[in-house]
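Chemist: Sequence plus the predicted model coming up.
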2 protein chains.
Amino acid sequence: MKPKLNDVAQLAGVSVTTVSRVINDHGYLSEKTKQKVFAAMRELHYQPNNMARSLQGKNTQLVGLIFSDISNPFFAELVSRIEKLLFAKNYKVILCNSADDPQKERDYLQMLMANQVDGIIAGAHNLGIEEYQQYGLPIISFDRYLSDNVPIVSSDNFNGGWLAAQTLQQAGADKIAIFTGKSHAGSPTNGRREGYEAYLKQQGLTAHVHELPFELSPALKTMEIRTILENHDYNGIFCSDDLTALLTVNVAQQLKISIPDELRLVGYDGTALIRNYHPALTTIEQPLADISTLLVSLLLQRIDDANCKLEEKYILPVKLIKGTTA
Amino acid sequence: MKPKLNDVAQLAGVSVTTVSRVINDHGYLSEKTKQKVFAAMRELHYQPNNMARSLQGKNTQLVGLIFSDISNPFFAELVSRIEKLLFAKNYKVILCNSADDPQKERDYLQMLMANQVDGIIAGAHNLGIEEYQQYGLPIISFDRYLSDNVPIVSSDNFNGGWLAAQTLQQAGADKIAIFTGKSHAGSPTNGRREGYEAYLKQQGLTAHVHELPFELSPALKTMEIRTILENHDYNGIFCSDDLTALLTVNVAQQLKISIPDELRLVGYDGTALIRNYHPALTTIEQPLADISTLLVSLLLQRIDDANCKLEEKYILPVKLIKGTTA
DNA sequence: ATAAAAATGATAAACGTTTGACATAACGTT
DNA sequence: AACGTTATGTCAAACGTTTATCATTTTTAT
């Protein structure tokens, strides 16, 4: 059997009370007994049972992370960063891939509640999950409205879209399209699209919006893109995520459309993966380091003080990463 | 306050015992009371406290996942798959990015113990963590020796290396190098290298091994690769992971070395990301679906029956994905 | 030597649930 | 009407810890 508090006490020749005091640094303690107890704990490889502790009212030090799918490099990097930050603060992370399925998301929420997590960071894509507020739990959201009183951290999507369009134009494009996800209210890509549209309007250019459903497989997306490129003579395209930009590069290559001479391209996200392995791609970088730091810091504030006042929205600036595609 | 068993009992007009019986499907129960209780649970949004349950001896239904870093697309996809499979079996996942730091890995192990996880799947890169066996916990390892009695699931690295070399030769290369990670005992890339060396030997060709330390940043790796390509006239290169292959493609482009005419290239891993967004890259695909399924299934077997007999090693076949780089 | 402060212990209640022992009530069957 | 079966209830112990209370001993300062 696993060693218990009692076993440690016996080995150290002290009472359970004392051992508990040592662990929780509570009350008077001499250096000598502390050492004895620590020694015993080491010898037995004792690990306090977190279940029992949290039953006593202690925090579980667990945080739930709900994202659509970490096999998407953007979320992978975000989750990786969040996990590292939280671990440094002695929190552990329960990972949830909601797969953009509202029911799964609901199930995850329930599960996280049952596991007494101290808080949640959510960045999934499903909208209208009313459940979020009804558990009085600290929640911070990434890039998407969940419910009132859930602060949103996001990058400046509007300005990102604007910047992308501007970059394309300044690179010589004047027939500029956007490839974006399905637009439902609250979706983060909406802001990007609005920024793009606003810039084009200001410049007296027409917007050409192509919606490529988010859940489409890359193969199908490729086909769509191919059709679009064959039937229009765009000389600039803003892809509202970098992966779609990569597909577009591939299609252009197949169609022998030269980039950036005939077609300029700007992506969005600018993960480390893209910057490192596709330095050629011009893209709008979301400040992932700042985003994750802010998400974690806000969450910890809320955990610390359940009704501390936080802003409704935190919008972080984006940055143009100049490659050679625009 | 959160609703408790007692609140549900009151609302349903039954005893706590009955509610508990309903939840655990234990003993005699009429359909009528079941419905009453379920209704009350729904109305109160009741969630049984998993901490209290597991104190009672129930499983926590928690599994720890220790991987070096999920911002690497290979691990991202693996973890994503594992999480999905486990969620379907009613298990939750605690994510650990060990960052290839033995101390962090040790800390994670302790933490997982303290949280009473039912089992662990580990795929980190650090060797010599003796701690793994001393906790009598179900563990399955991916692609790396941890300790006796910890089953290893891996893809057929040797054959993968062999296949890569063979592919390069059949594509017309006769001066074939390998870019691989630092070789320490137990590292999975060793097998790939051995397969490569064995094939070259069989064909009477010389091996050219370049070790690019795993932890090198992409920028530094790029420099190294550049130096290598400038100073040797290889016409075939086997990169023991796809990301390095991408870097090599980039460098070759810069140096105006044409692929595959002057230089043939084979990568390793073949994640969905690579197959979807870099279909041109010839690579050796690890069967991620099978790997994750097997990892999960073995772990669940061990959780079910702590001393069920499992093989020492499970080696899954790899597959050549033919692109245009070799 | 004395008092105050510091260190430890014994005991027990509490956290929310499960589960067994036992009792009893309702129901259907003969 | 008697019986077995099914359904529910009461009660209490248990899981491993924390923490408060009270008591006792040891140490330190005067």
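Modeler: Cool, the structure landed.
Chemist: for stretch A:207-218, how far is the first residue from the last?
Modeler: End-to-end span of stretch A:207-218 (C-alpha to C-alpha, to the nearest Å): 24 Å.
Chemist: Say whether chain B is contacted by it.
Modeler: Yes: applying C-beta under 8 Å from any C-beta of the partner chain, one finds stretch A:207-218 touching chain B at residue A:218. (Each C-beta comes from the backbone N, C-alpha and C, glycine too.)
Chemist: List the buried residues of that stretch.
Modeler: A:208, A:210, A:212, A:214, A:218 (16 or more other C-beta atoms under 10 Å in any protein chain shown).
Chemist: out of these, which are inside strands?
Modeler: Under the assignment DSSP state E, these contribute A:208, A:210 to strands.
Chemist: from the buried residues of stretch A:207-218, which is closest to DNA strand C?
Modeler: Of all the buried residues of stretch A:207-218, DNA strand C sits closest to residue A:214, with 37.8 Å by C-beta to the nearest atom of the strand.
Chemist: pretty sure that closest one is touching residue A:100, no?
Modeler: Yes: applying C-beta atoms under 8 Å, one finds residue A:214 in contact with residue A:100, separated by 7.4 Å.
Chemist: Below-threshold pLDDT in the stretch 101-250 of chain A: ranges please.
Modeler: Applying pLDDT under 70 to the stretch 101-250 of chain A flags residues A:125-129, A:134, A:185-186.
Chemist: In what element of secondary structure is the one residue sitting closest to the centre of chain A found?
Modeler: In chain A, the centroid-proximal residue (C-alpha atoms, centre = their mean) is residue A:78; its distance is 4.5 Å. Using DSSP states H and E, residue A:78 sits within helix A:73-88.
Chemist: Could you identify the helix or strand that succeeds that helix?
Modeler: Immediately after helix A:73-88, counting by DSSP H and E, sits strand A:92-97.
Chemist: In contact with residue A:74, which residues?
Modeler: Going by C-beta atoms under 8 Å, 6 or more residues apart in numbering or on different chains, residue A:74 touches A:241-242, A:269, A:271, A:286.
Chemist: same thing but at 7 Å, please
Modeler: Contact partners of residue A:74, counting by C-beta atoms under 7 Å, 6 or more residues apart in numbering or on different chains, are A:269, A:271.
Chemist: and if you look at residue A:313?
Modeler: By C-beta under 7 Å, 6+ apart, the contact set of residue A:313 is residue A:152.
Chemist: For it, which residues count as its bridge partners?
Modeler: residue A:152 (DSSP bridges).
Chemist: what about whatever residue of the stretch 51-200 of chain A ends up closest to DNA strand C, neighbour count?
Modeler: Taking C-beta to the nearest atom of the strand, DNA strand C has its nearest neighbour within the stretch 51-200 of chain A at residue A:55, 3.5 Å off. By the measure other C-beta atoms under 10 Å in any protein chain shown, the count of residues near residue A:55 is 16.
Chemist: residue contacts, it?
Modeler: Contacts for residue A:55 were tallied using C-beta under 7 Å, 6+ apart; they are B:51-52, B:55.
Chemist: Among these, which are located in helices?
Modeler: Members of these lying in helices (criterion: DSSP state H): B:51-52, B:55.
Chemist: Pick the one among those closest to residue B:33.
Modeler: Taking C-beta to C-beta as the measure, residue B:33 lies nearest residue B:52 of the ones in helices among the contacts of residue A:55, at 22.4 Å.
Chemist: and that closest one, how many residues sit next to it?
Modeler: The burial count for residue B:52: 16, using other C-beta under 10 Å.
Chemist: contacting residues for it?
Modeler: Residue B:52 touches residue A:55, counting by C-beta under 7 Å, 6+ apart.
Chemist: thinking again about what came up before, which of the contacts of residue A:55 come close to DNA strand D?
Modeler: Filtering those for neighbours of DNA strand D using C-beta under 7 Å from any atom of the strand leaves B:52, B:55.
Chemist: Let me have the contacts of residue A:55 in TSV, extended by pLDDT.
Modeler: Listed next are the contacts of residue A:55 as TSV, based on pLDDT from 0 to 100:
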residue	pLDDT
B:51	95
B:52	95
B:55	93
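Chemist: Now distance to residue A:302 too, for the contacts of residue A:55, in a markdown table please.
Modeler: Rendered in a markdown table, the data for the contacts of residue A:55 read as follows (distance: C-beta to C-beta, whole Å):
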| residue | distance to residue A:302 |
| --- | --- |
| B:51 | 21 |
| B:52 | 25 |
| B:55 | 27 |
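Chemist: and residue A:293, what helix or strand is that in?
Modeler: Counting by DSSP H and E, residue A:293 is found in helix A:288-304.
Chemist: Tell me if that helix is near chain B.
Modeler: No: judged by C-beta under 7 Å from any C-beta of the partner chain, helix A:288-304 and chain B are separated, with a smallest distance of 9.7 Å.
Chemist: what residues are up against the closest residue to chain B within the stretch 101-250 of chain A?
Modeler: Nearest residue of the stretch 101-250 of chain A to chain B: residue A:218, at 3.8 Å (C-beta to the nearest C-beta). For residue A:218, the contact set (C-beta under 7 Å, 6+ apart) comprises A:247, B:276-277.
Chemist: Domains in chain A, by residue range?
Modeler: A:5-48, A:62-154+A:288-315, A:157-287 (automatic domain parsing).
Chemist: Point me to the helix or strand that includes residue A:201.
Modeler: Element membership for residue A:201, per DSSP H and E: helix A:188-202.
Chemist: meant to ask about residue A:122, not that
Modeler: Going by DSSP H and E, residue A:122 is in strand A:119-123.
Chemist: Please work out which residues outside that strand touch it.
Modeler: A:63-67, A:75, A:78, A:82, A:112, A:137-144, A:146, A:295, A:299, A:302-303.
Chemist: Please state the offset of the helix or strand just after it from the chain centre?
Modeler: Using DSSP H and E, the next helix or strand after strand A:119-123 towards the C-terminus is helix A:131-134. Centre-to-centre, helix A:131-134 and its host chain are 20 Å apart (C-alpha atoms, centre = their mean, to the nearest Å).
Chemist: what do you get for stretch A:163-172?
Modeler: 27 Å.
Chemist: Could you do stretch A:180-195 as well?
Modeler: For stretch A:180-195, the distance to the chain centre is 17 Å (C-alpha atoms, centre = their mean).
Chemist: Give me the buried positions along it.
Modeler: Across stretch A:180-195, burial judged by 16+ other C-beta under 10 Å covers A:180-181, A:187-193, A:195.
Chemist: and what of stretch A:315-326?
Modeler: In stretch A:315-326, counting by 16+ other C-beta under 10 Å, buried: A:316, A:318, A:320-321, A:323, A:325-326.
Chemist: Which pair of those residues spans the longest distance?
Modeler: Across the buried residues of stretch A:315-326, no pair lies farther apart than A:316 and A:325, at 24.2 Å, counting by C-beta to C-beta.
Chemist: Just give the number of residues close to the residue lying closest to residue A:136 once chain neighbours are set aside.
Modeler: For residue A:136, ignoring the flanking residues on the chain, the nearest one in space by C-beta to C-beta, 6 or more residues apart in numbering or on different chains is residue A:306 at 7.4 Å. Using other C-beta under 10 Å, residue A:306 has 11 neighbouring residues.
Chemist: Residue A:306: what secondary structure?
Modeler: Three-state call for residue A:306 (DSSP: H, G, I helix; E, B strand; the rest coil): coil.
Chemist: Please tell me how far it sits from residue A:89.
Modeler: 18 Å (C-beta to C-beta, to the nearest Å).
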